[in-house]
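[1] sequence and predicted structure, then a few things I'm wondering about:
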Amino acid sequence: MLIQILTHTPLYVWAILAFLVYRGMAAMRDRDVEVRKLVMIPAVMLVLSLQDISAKFGLGGWALAAWAVAAAGVALAAGLAGSERIAASAVPGHVRVRGSRLPLVMMMAVFFTKYAASVAVAVAPQLRQDTLFACIVCGLFGVFNGWFVGRLVGDMASVRMLPAGAAAA
């Protein structure tokens, strides 16, 4: 059955996985990044999650509520935790971002949650109407999205705290 699942997975899914692994590996090393590009991965993860929630459960009811509560709670916690990964860069319009393995872990968590939920719904279509299943899946997406958004908020607060002109375009 596992072979059938893997062989029936569309090619674009593997392309998305390759992109996420590439971006996650890039996030493991210190690098200079344009300030506006700090938004890219959180936005991609948000789109992937909301697209999946919409396709499987619709954008309403308990599923969306579970996502929103989890996302808000984790975003608040991650945002309040702050960010020590941002420093001034010698390149105008850029900031120095400290590398970390956590973005790769979180991107893989989003991807494999989306993949596992898709397989589960394909094998057992009645799960689309299962409120508990929907809340668990959407709550997980909310945790992941909340972490990305909270970290972005912390990063942007760090950018604002840099010396004047350090990250200006």
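    Yes, it's here. Residues are numbered from 1 along each chain as shown.
[2] how near is the residue nearest to residue 133 when sequence neighbours are not counted to residue 134?
    Using Cβ to Cβ, 6 or more residues apart in numbering and skipping the chain neighbours, the partner closest in space to residue 133 is residue 127 (4.8 Å). Quick note: C-beta positions are derived from backbone N, CA and C, even for glycine. Residue 127 is 8 Å from residue 134, where distance means Cβ to Cβ, to the nearest Å.
[3] ok, the two, which is more surrounded?
    Ranked by neighbour count (other Cβ atoms under 10 Å), residue 127 and residue 134 place residue 134 first, with 24 against 17.
[4] re earlier: and the residue nearest to residue 133, what pLDDT?
    On pLDDT, residue 127 comes in at 95.
[5] from residue 159, how far off is it?
    Separation of residue 127 from residue 159 (Cβ to Cβ): 42 Å.
[6] swap in residue 111?
    Separation of residue 111 from residue 159 (Cβ to Cβ): 28 Å.
[7] so those two - more neighbours on which side?
    Legend: neighbour count by other Cβ under 10 Å for residue 111 and residue 159, higher for residue 111 (20 against 17).
[8] please name the nearest non-neighbouring residue to residue 109.
    Nearest residue to residue 109, sequence neighbours excluded (Cβ to Cβ, 6+ apart): residue 144, at 5.5 Å.
[9] count the neighbours of the one you found for me.
    26.
[10] now it: how far from residue 124?
    Distance from residue 144 to residue 124, by Cβ to Cβ: 23 Å.
[11] now residue 132
    Taking Cβ to Cβ as the measure, residue 132 falls 13 Å from residue 124.
[12] what count of nearby residues applies to residue 131?
    For residue 131, using other Cβ under 10 Å, the count is 12.
[13] so what's it closest to, chain neighbours aside?
    The shortest distance from residue 131 to any residue other than its chain neighbours is 5.3 Å, reached at residue 62 (Cβ to Cβ, 6+ apart).
[14] report the contact partners of residue 50.
    By Cβ atoms under 8 Å, 6 or more residues apart in numbering, the contact set of residue 50 is residue 59.
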